[in-house]
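S.K.: can you look at this prediction? I've put the sequence above it.
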Amino acid sequence: MKLIVSCFKKVTFWIKLLVSALVLLMVGCVTPQSYDYLALEASAPRSILVIPPLNQSFEVQASYIFLSTISRPLAEKGYYVFPVSVIDNFMKANGLPTPEEMNQVPLEKLDEIIGADAVLYTTIDDWGRQYQLVSSVVTVSANMRLVDGKSGQLLWSARAFAQESSNSGGGDILGAMIGAVVDQVVGGLADTTPALSRQANYSAINNAHQGLLNGPYRPIEEK
Amino acid sequence: MSKFVVLKTIELQPFILTTRLPAILMLSVALIVILLAGCSSGPRPLYYWGHYESILYDIYMKPGEADTETQILKLREDIQRSEAKGLAVAPGIYAHLGVLHANKGELDAAQQAFALEQERFPESRHFVQGMMTRAGMIKP
């Protein structure tokens, strides 16, 4: 009898432990809303043309830093991605010197010359390091819109966002201020926006409920 | 760890509990594994990327370090490595390489690279053929 009771206790302990573990895991997974993928599923693009982003930030080179980090996550998601710098050069050689002009090209013209199933338009709204009294914050923020290459219909949109703050010294104001100064000096040398941009794009594209659906080169059963 | 517990209970406990406990444990472990799999990030990579992203960065941010010859060498090295790693060459790399060769007047090498891009990624055909036509590499 004693044995049965102790065993029963053991069982209830295990059940409690497992239930709480399951609850924790589910809380970690659940996101409230899923993206409406109807248009994307209907269009089912195989290839994506990335137009160099419109830049509304103060960092002059933001468009091209972003551009160097977008091919990989899209291709790993299973899409053919047109070579971004080849496309950029091609447009420049054809009288479109900046992303502003490239974003104005009519879709029919892009379709005629490049023939992409879908076109990704991006607007960068915040990019780079901001200095505060005792720390600095690096931000990367862009809005992406994927449209059908023929109809122009919106297939998917997302915000790519990542932020990194560095503050030095634990509560020591002087140390922190020195830290910020060192940061400014170092920040002038080391650009952390490519890494942040990579992180932001990866998260936006692979988000479990709002991310892009798998393309044809990524087998369906894989997330 | 759980295996150990299961074995122990089978030996010691009365019939009802011995049959239920392992079942509960196994079910729960299976559930947890499924949930964890759903949460896990990083799927397996499709391509080997090598220098490609850093080349793109250098083209715009450090043009001095991204002359045509340097880009060709790095991309050729990446292509060899991707074969060694059993990963496919990423989309766009052969097309990029083809343009670099074409710019140097190395039309055979360019042709070869363009052909590989189209073979591996038929989605590129329209654009690549257009480029080759405009460069006089093929007849319209």
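M.R.: Right, received. Where do you want to start? On a predicted model such as this, the values are computed, not experimentally measured, just so you know.
S.K.: need the contact list for the residue nearest to A:Asp117 when sequence neighbours are not counted.
M.R.: Leaving aside its sequence neighbours, A:Asp117 sits nearest to A:Pro45 (C-beta to C-beta, 6 or more residues apart in numbering or on different chains; 3.5 Å). Every residue, glycine included, has its C-beta placed from N, CA and C. Shown in contact with A:Pro45 (C-beta atoms under 8 Å, 6 or more residues apart in numbering or on different chains): A:79, A:116-118, A:146, A:148-149, A:155, A:215.
S.K.: can you map out the helices along chain A?
M.R.: Ranges of helices in chain A, per DSSP state H, are A:2-29, A:38-43, A:62-67, A:71-76, A:84-93, A:99-102, A:107-113, A:173-189, A:193-206.
S.K.: check the offset of stretch B:90-97 from the chain's centre.
M.R.: 13 Å (C-alpha atoms, centre = their mean, to the nearest Å).
S.K.: avg pLDDT for that stretch?
M.R.: What stretch B:90-97 shows for mean pLDDT is 98.
S.K.: how does chain B divide into domains?
M.R.: Chain B breaks down by automatic domain parsing into domains covering B:2-39, B:47-134.
S.K.: which stretches of chain B have low pLDDT?
M.R.: Applying pLDDT under 70 to chain B picks out residues B:1-24, B:26, B:29-42.
S.K.: contact partners for the residue nearest to the spatial centre of chain B?
M.R.: Closest to where the C-alpha atoms of chain B average out (C-alpha atoms, centre = their mean) is B:Tyr47, at 2.0 Å. Neighbouring residues of B:Tyr47 by C-beta under 8 Å, 6+ apart: A:72, A:75-76, B:82, B:87-91.
S.K.: got a PyMOL select line for the buried ones in those residues?
M.R.: Selection of buried members from these for PyMOL, criterion 16 or more other C-beta atoms under 10 Å in any protein chain shown:
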select buried, (chain A and resi 72+75+76) or (chain B and resi 82+87+88+89+90+91)
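S.K.: now the contacts of B:Tyr47 in a markdown table, with distance to A:Gly211?
M.R.: What follows is the contacts of B:Tyr47, written out as a markdown table (distance: C-beta to C-beta, whole Å):
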| residue | distance to A:Gly211 |
| --- | --- |
| A:Arg72 | 15 |
| A:Ala75 | 15 |
| A:Glu76 | 12 |
| B:Ser82 | 26 |
| B:Leu87 | 23 |
| B:Ala88 | 22 |
| B:Val89 | 25 |
| B:Ala90 | 20 |
| B:Pro91 | 19 |
